[in-house]
Structure formats: C-alpha cells, structure tokens
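Colleague: Build me a structure from this.
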Amino acid sequence: MSYQILSERLKVDFAKECNSQTGKAHQIDMIYSQGQKILCSEDCPCKVQDKEKFDEEDREGLVTSPSGYTQYLDCPNEELSDSHESKYVAFLKTLEGGFDCAGMCELPEKFLFSDVSKGSPTLTCKEVVSDYITENTQVYVGCSLTAGFLGILGLLLSVSVCY
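Modeller: Numbers count the residues shown, from 1 in each chain. This is a model prediction of the structure:
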C-alpha cells in the first residue's frame, strides 16, 4: 500500500516540479537544455554515422565529424558545474543507459550522457521512472515484507538464545 502511495506521490511531485519549473526535475532539464546547445555544434561536433536515427527536424542542425564526441561531458567546452556534475551525472548516465530515456519534463533532441549516436530519445525519464516504480511495486512490497519477517525472526531467535 505504501509503495502504491509512493508511486502516485512521485507522479504528483514530478508534475508539480515540471509545471512550476522548480526542483530537481527542472534542474535536470536545464542541464539538458545547456548540453543540447553544445553537443553536435560547431564547438563540439558529434560522432554520428547514421543521421537517420534522429528526428528529421533534429538532424538538420547536427554538426558531425568522424573524430567527434559521443557524450556531452567529453566536449572540451562543456559547461556543467562541478556541483551539478557530482549530483546528477551518474544518475543521468544510469537512466539514459538503462532505460533509454532523456530529460525529465521536456524531451530533448539527443542523449547527452550515453552515446549520442543512438539517435533521438523517445521518452522522458520522468515517464520511465514512474512506470518502472508502478510496474515493480509488488516486487518492492515482497522484498520489504521478507526483510521485515527475517528481522523479527532474528530478534526472536536472539532473545531465545539469551534466555
């Protein structure tokens, strides 16, 4: 029950942050907005061999090179602050790599923290994370109940050993 509430609360919180343009979701979208301007530009050409993987409107602005870059953080002029890098990069790499998503509120034109040559993202990470938690609620509940049962059993056994 509590995981179901958590899942619904997560959706409400994401919606609130996206609509009000505040919070972590908005900060992540600002990172994507900043990175979209740099990766695959004259200042940081990207290594993309198949432009057909990108939406038609996105592929027109791609500046590519055989010796280009595959990720935003590889660009020599990336502008991500150390604070944002330590807070978000590992998380965003995991989301992009594991769930094939990018951005939180707004769908960006390209992946920044995994291989840009994958093409245009089709899902925001907000959607993917919400769906993942909803679909796996039963697993989390089962693990929590098992852990709780084992904890109580361990407590009872330790008390019985002492007496």
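
Colleague: tell me which residues in the longest helix anywhere in the chain are buried?
Modeller: Ranked by residue count under DSSP state H, the longest helix found in the chain is helix 137-162. For helix 137-162, the neighbour count (16 or more other C-beta atoms under 10 Å) marks Thr137 as buried. All C-beta spots, glycine's among them, are computed from the backbone N, C-alpha and C.

Colleague: Start the count at 3 instead of 1 going forward.
Modeller: Got it, first residue is 3 now, which makes that one helix 139-164.

Colleague: Report all helices and strands that it contacts.
Modeller: helix 4-22 (3 or more C-beta pairs under 8 Å, 6 or more residues apart in numbering; DSSP states H and E).

Colleague: what secondary structure does the residue nearest the centre of the chain sit in?
Modeller: With distances taken as C-alpha atoms, centre = their mean, Leu97 lies nearest the centre of the chain, 3.5 Å away. When classified by DSSP: H, G, I helix; E, B strand; the rest coil, Leu97 comes out as helix.

Colleague: which residues does it contact?
Modeller: 103-104, 127, 130-131 (C-beta atoms under 8 Å, 6 or more residues apart in numbering).

Colleague: Could you list the buried residues of the one helix or strand Lys26 maps to?
Modeller: Taking DSSP states H and E as the criterion, Lys26 maps to helix 25-40. Buried residues in helix 25-40, counted by 16+ other C-beta under 10 Å: 27-28, 30-31, 33-34, 36-38, 40.

Colleague: before we move on, what about stretch 55-68?
Modeller: Neighbour counts over stretch 55-68 (16+ other C-beta under 10 Å) mark 56, 60-61, 64 as buried.

Colleague: Can you lay out the residues you listed as JSON lines showing distance to Ser119, pLDDT and secondary structure?
Modeller: Shown next, in JSON lines, are those (distance: C-beta to C-beta, whole Å; pLDDT from 0 to 100; DSSP: H, G, I helix; E, B strand; the rest coil):
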{"residue": "Phe56", "distance to Ser119": "9", "pLDDT": "90", "secondary structure": "coil"}
{"residue": "Asp60", "distance to Ser119": "13", "pLDDT": "82", "secondary structure": "helix"}
{"residue": "Arg61", "distance to Ser119": "12", "pLDDT": "82", "secondary structure": "helix"}
{"residue": "Leu64", "distance to Ser119": "10", "pLDDT": "92", "secondary structure": "coil"}
